[in-house]
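In: Turn this into a model:
(chains A and B)
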Amino acid sequence: MRPTPLTEHELDRQLPEFYPRIYRMVRAMAYGSGLDPEDLTQDSFLKVYNKRHLYNGSSSLYTWTYQIARNTVLDALRRNKIKRRIFFWNEAETEPDEFSANETGDEALDRREQKLLLSQAMARLPEKDRLIITMRDLEGMSYDEISEIENLAAGTVKSRLFTARQRLKNELIRLGMNPDTD
Amino acid sequence: MKQNRKQISDCLRERLTDARDGRLAGEELDQLKQEVMAHDPRFWKDHLWMMKQAQGGVFARFADLRDAQPAEGSIRRFHARREAEGGTESDLEYLVWSWFRRYVLSVGLVLIVLLAGLQMGTSDEPVGDTRDQMSRMLGWEQEQHPELDHWLYDGL
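Out: Model (predicted):
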C-alpha cells in the first residue's frame, strides 16, 4: 500500500520516459484501424493523471500506466469495430510507411516490405493476441510484467504467446509469405 | 478427456515458448520434441518456424517497429490539451472532494430518506384539504361542495 498519493509532479517527471513506450504499444495495437495513436496515447495519459489518486503502489507505476493505456486502446478498438460494422467501412487501411526516405537498395526494400507485411498481419490478429505479441516481441517485456498487466499466471502467458505467434504465422501466409523460404 | 488434451496442449505450448527463449537444451529439448510429435506434430513445425523467424526473419522486424517515436512536441501538446480540458484536480481538491463524497453526500442521503419516511408516517391531512384537492381535480365549483362532502364523509 502506498503511504502517500501519487502527485502530479511525480507523473510529470515520469512522463518523458513513459510516453514514447506507451505510444509504441498504442501504435502497434491501433495499426490499420484508422484510429490516431497520438490521440489515443493522450487519452490514456489523461486518464492516468485523473485517476492518479487510485494508484496504490501494489504494482510499478509503469505497469499501472500500461494497464490504463491497454484498456483505453481495447475500448477504442471495440467501439471502432462496432462503428465500422454499422457503417460498412473497409476493414484494414494501409498507413504511411515511416521508413526514412534515404534508405535505398534491395535490402532496404526487403526490410520495408517485411515490416509492412508484419504490421498488416498484426492488424488482422484478435486484439488479445496482438497485445501479447506487442508486449513480448515489440516491447521486450518480461513474463512477470505481462502476467501482472494481464493478471494471468506466467505459464498461461507463455502458452497464449505461442498460440498468438501461430496465428501470426497463419496471417503472414495468408498475406503471401512463404513459410519455408521467407 | 477433451479437457485433459487441452491441458496437455497448454503445457506443451508453454514449454515450446521456453524452448524458443533458449531455456531448454539437450535431453530436455529432445524429450519435448518427442512429446510434441506424439501430441500434435504441427506444434513442432510452428516452433521451428518461430525459431527461424527469430533470427533475422519476421520477428526481427519488430526492431523496426520499435523505432516508432511520437511526433515532436507531443508531450507539450498533451499538457496543452490537459489544461484546455480543465487540468486535473490538485491533491487538496481531491482530498476535499473525497471527504465531501464520503461524508456529506452519504449523511445527506440518509437524512433525506429519514425525513421522507417521517413525512409519510404523519400524513393525516385535515378534512378541508382533501375536499379542496378533490374539487380541484374534478373541477367542482363551490356550490357543489355539499354534495362532495356528502359523498366523502357520510358514514364516517
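In: I'd like the distance from the helix with the most length in chain B to the chain centre, please.
Out: With secondary structure taken from DSSP state H, chain B has its longest helix at helix B:2-20. Here helix B:2-20 is found 32 Å from its chain centre; the criterion is Cα atoms, centre = their mean, to the nearest Å.
In: hmm, who's touching it?
Out: Outside helix B:2-20, the residues that touch it by Cβ atoms under 8 Å, 6 or more residues apart in numbering or on different chains are A:155-156, A:158-163, B:24, B:29, B:32, B:35-36, B:39-40, B:43, B:47, B:50-51, B:54. In short, each C-beta sits where N, CA and C put it, glycine included.
In: what ranges do the helices span in the chain?
Out: Using chain A. Under the criterion DSSP H, helices of chain A are mapped to A:8-30, A:37-50, A:61-87, A:105-124, A:127-133, A:143-150, A:154-174.
In: I was after chain B.
Out: So, for chain B - with DSSP H - the helices run B:2-20, B:26-39, B:41-54, B:62-66, B:74-84, B:91-99, B:106-121, B:127-138, B:145-153.
In: Same list, those helices, but as TSV with mean pLDDT and mean neighbour count please.
Out: Below are the helices of chain B laid out as TSV (pLDDT from 0 to 100; neighbours: other Cβ atoms under 10 Å in any protein chain shown):
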stretch	mean pLDDT	mean neighbour count
helix B:2-20	91	16
helix B:26-39	93	13
helix B:41-54	92	17
helix B:62-66	78	17
helix B:74-84	91	14
helix B:91-99	72	12
helix B:106-121	84	10
helix B:127-138	67	12
helix B:145-153	69	12
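In: okay, the angle between the worst-scoring helix or strand of chain A on mean pLDDT and helix B:41-54?
Out: Every helix and strand of chain A was ranked by mean pLDDT, DSSP states H and E. The lowest is helix A:105-124, at a mean of 80. Taking axes from the mean of the first three to the mean of the last three Cα atoms, to 10 degrees, one finds that helix A:105-124 is oriented at 140 degrees with respect to helix B:41-54.
In: Could I get the buried residue list for helix A:105-124?
Out: Along helix A:105-124, these residues count as buried under the neighbour rule (16 or more other Cβ atoms under 10 Å in any protein chain shown): A:111-112, A:114-124.
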